[in-house]
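# turn this into a model:
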Amino acid sequence: MSTDDADDLVFKALADRRRREILDRLKAGPRTTGELCAHFEGALDRCTVMQHIGVLERAELIIARREGRARWNYLNAGPVKAISDRWISPYATHAVELLASLKRDLEKT
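Next up is the predicted model:
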């Protein structure tokens, strides 16, 4: 899979607020699929939560591991870092340089 295809999967996965909420839950540590489903109880059914988890897995944002009957989901921050390195950091660097230049110009006057 090309880098652009992988980036597309990550952007698609991050586009939905419920998938971002799943990732937020996993920042604190691994969760079972049952725990993730329980978090959305009343808002989403188990099948829908599983579909969202599937999108996150295809984007490699989640790594799942089975332990007996339990399925543990782990956050994989690598794809997010790759997106940041490619799309955010270069723009942030440019913005910081502009602010530094503005500061120098203002201090001269």
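
# what sits up against stretch 1-10?
58-61, 79-80, 82-83, 86-87 (C-beta atoms under 8 Å, 6 or more residues apart in numbering). C-beta: built from backbone N, CA, C; applies to glycine.

# now do the buried residues in the lengthiest helix in the chain.
Ranked by residue count and defined by DSSP state H, the top helix of the chain is helix 89-108. Judged by neighbour count using 16 or more other C-beta atoms under 10 Å, helix 89-108 contains no buried positions.

# what's the spacing between Glu67 and Thr33?
12 Å (C-beta to C-beta, to the nearest Å).

# ok, back up a step: quick one: which of the contacts of stretch 1-10 is nearest Glu41?
Leu61 (22.5 Å; C-beta to C-beta).

# the closest one against Ala13, yeah?
Yes: using C-beta atoms under 8 Å, Leu61 is in contact with Ala13, at 5.6 Å.

# for Arg104, what are its contacts?
By C-beta under 8 Å, 6+ apart, Arg104 has no neighbours at all.

# between the contacts of stretch 1-10, which is closest to Met50?
For the contacts of stretch 1-10, the nearest to Met50 is Arg58 (12.8 Å; C-beta to C-beta).

# for that closest one, grab phi and psi.
phi -60, psi -30 (degrees, to the nearest 10).

# which stretches of this structure have low pLDDT?
Residue ranges of the chain with pLDDT under 70: none are present.

# what ranges do the strands span in this structure?
Assigned by DSSP state E, the chain shows strands spanning 31-32, 62-67, 70-75.

# and those as TSV, adding distance to Leu9 and mean neighbour count?
Listed next are those as TSV, based on distance: least, C-beta to C-beta, whole Å; neighbours: other C-beta atoms under 10 Å:
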stretch	distance to Leu9	mean neighbour count
strand 31-32	21	18
strand 62-67	12	14
strand 70-75	16	16
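
# in a markdown table, list those strands along with distance to Ala92.
Shown next, in a markdown table, are the strands of the chain (distance: least, C-beta to C-beta, whole Å):
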| stretch | distance to Ala92 |
| --- | --- |
| strand 31-32 | 31 |
| strand 62-67 | 26 |
| strand 70-75 | 23 |
